[in-house]
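**Student:** any chance you could fold what I've pasted below:
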Amino acid sequence: MSLIGFSARNHPQQAVRDYVDDRRTPADVFVPLMARHQFTLDAAASAANALCPKFYTRETDGLLWSWRGERVWCNPPFSRLEPWVAKAWREIRDGCELVVMILPANRCEQKFWQQHIEPYRDNGPHDGATLTTRFLAGRARFAAPDAPVPHKGDRPPFGCVLLTFLPEVSHATLQ
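**Tutor:** All right, here's what the predicted structure looks like:
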């Protein structure tokens with residue numbers, strides 16, 4: 001079997017659809033992160049799943065606004081990851097204090113990962129910023145907006161990874 005000519009793309013279950021992209025981050029993932037990082041902004045939320053008092057929705061579009069001075073949590077739409085990762089890099093270099101982002105861990109072969117993450121992850125400072133990765137054990141259970149508790153079997157077909165973007169000067173203080 002040859003991979004020549006293979007073009008990476010989202011699995012059909014990961015296509016742009018509200019019921020796939022609009023998912024609440026599990027409390028067992030978010031609560032310890034919030035305790036550690038004290039997030040001030042949920043950059044990619046909906047009114048039903050926002051985890052911070054200040055948040056951007058699809059309508060207010062967190063990609064269009066500055067995150068300067070914020071401590072950002074981001075659970076981006078899994079069907080459209082590249083602009084969110086690129087935005088995190090821009091913002092961390094432009095005065096954002098911290099960005100922690102959860103992504104599917106099965107995208108490391110895709111172009112956005114190879115361009116924006118792989119060359120820089122866990123390698124120390126790059127252009128005034130650092131990026132660390134932490135692969136989560138198991139599969140997170142994300143809840144749909146209309147379901148207060150995820151139902152059994154509502155786990156994605158992949159694990160997740162946390163990306164932490166920090167300005168170079170902050171990196172030592174948050175270890």
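
**Student:** list the buried residues of stretch 25-44.
**Tutor:** Buried residues in stretch 25-44, defined by neighbour count with 16 or more other C-beta atoms under 10 Å: 25-26, 29-30, 33-34, 37, 39-44. Just so you know, the C-beta spots here come from the backbone N, C-alpha and C atoms, and that holds for glycine as well.

**Student:** ok, so of those, who is nearest Glu168?
**Tutor:** Distance ranking of the buried residues of stretch 25-44 against Glu168, using C-beta to C-beta, places His37 first at 17.3 Å.

**Student:** that closest one contacts Arg71, doesn't it?
**Tutor:** Yes: His37 lies in contact with Arg71 (C-beta atoms under 8 Å); the separation is 5.8 Å.

**Student:** which neighbours do the two share?
**Tutor:** Listed as contacting both His37 and Arg71 by C-beta atoms under 8 Å, 6 or more residues apart in numbering are Leu98.

**Student:** and the helices in this protein, which stretches?
**Tutor:** 18-21, 27-37, 82-93, 111-116, 168-171 (DSSP state H).

**Student:** could you say which of those is packed most deeply?
**Tutor:** Using mean count of other C-beta atoms under 10 Å, the stretch among these with the largest mean neighbour count is helix 82-93, at a mean of 19.

**Student:** just the CA atoms of that helix, as CSV, please.
**Tutor:** Extracted in CSV, the C-alpha atoms of helix 82-93 (Å, rounded to 0.1, in the frame of the first residue of the first chain):
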residue,chain,number,x,y,z
GLU,A,82,-5.7,25.4,11.7
PRO,A,83,-6.9,29.0,12.1
TRP,A,84,-7.2,28.5,15.9
VAL,A,85,-3.7,27.2,16.3
ALA,A,86,-2.3,30.0,14.1
LYS,A,87,-4.3,32.5,16.1
ALA,A,88,-2.9,31.1,19.4
TRP,A,89,0.7,31.7,18.1
ARG,A,90,-0.1,35.2,17.0
GLU,A,91,-1.8,36.1,20.2
ILE,A,92,0.8,34.7,22.5
ARG,A,93,3.4,36.8,20.7
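
**Student:** who is Thr130 paired with across the strands?
**Tutor:** Leu166 (DSSP bridges).
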